[in-house]
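Peer 1: compute the structure for the input listed below.
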Amino acid sequence: MADKRVDDSWTSYARELGVNLQRARHAKGISQERVAHLAGIAGFTYQKYEKGESRPGTPMNPQLFTLLSLSQVLDVPLADLLPAFEPDLTR
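Peer 2: Now for the predicted structure:
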């Protein structure tokens, strides 16, 4: 992503996805570690996802398989985890 506006748009989208993961987890009443274990990912990875990151300063971009696993573990439709807006990736 060469364009700063695309970077900002994707960063905002990833951050909101992380907030949605955290809300769903709190509603389910389970720990980050438990979600990660049940979804088959590392606890550290899931912690970063709730922050909207994959590495410090890098917006997350999880695989579809991982997103579907998380939605099933959290017992919410995938659409409920995705932000209500789409990032502008066309620039």
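
Peer 1: alpha carbons only for contacts and neighbour counts from here, please
Peer 2: Noted.

Peer 1: the lowest-mean-pLDDT helix or strand in the chain: how far from the chain's middle?
Peer 2: Counting by mean pLDDT, DSSP states H and E, the chain has its least confident helix or strand at strand 53-55, which shows a mean of 89. When C-alpha coordinates are averaged (C-alpha atoms, centre = their mean, to the nearest Å), strand 53-55 and its chain have centres 10 Å apart.

Peer 1: just the mean pLDDT for whichever helix or strand comes after that strand, thanks.
Peer 2: Counting by DSSP states H and E, the next helix or strand C-terminal to strand 53-55 is strand 58-59. Strand 58-59 shows a mean pLDDT of 92 in the predicted model.

Peer 1: could you do stretch 76-89 as well?
Peer 2: Averaging pLDDT along stretch 76-89 yields 93.

Peer 1: pull out the buried residues from it.
Peer 2: Buried residues in stretch 76-89, defined by neighbour count with 16 or more other C-alpha atoms under 10 Å: Val76, Leu81, Leu82, Pro83, Pro87.

Peer 1: which ones among those map onto helices?
Peer 2: Leu81 (DSSP state H).

Peer 1: give me the contacts around the least confident helix or strand of the chain.
Peer 2: Contact with strand 53-55 is made by Ala14, Arg15, Thr45, Lys48, Pro59, Met60, Asn61, as judged by C-alpha atoms under 8 Å, 6 or more residues apart in numbering.

Peer 1: which of those fall in strands?
Peer 2: Among the contacts of strand 53-55, the residues falling in strands (DSSP state E) are Pro59.

Peer 1: where does this protein dip in pLDDT?
Peer 2: Across the chain, the ranges flagged by pLDDT under 70 are 1-6, 91.

Peer 1: the helices in it, which residues?
Peer 2: Counting by DSSP H, the helices of the chain are 4-28, 32-39, 43-50, 64-74, 78-81.

Peer 1: neighbouring contacts of the first one?
Peer 2: Taking C-alpha under 8 Å, 6+ apart as the criterion, the residues outside helix 4-28 that touch it are 1, 31-32, 35, 49-53, 58-61, 74-76, 80-83, 85-91.
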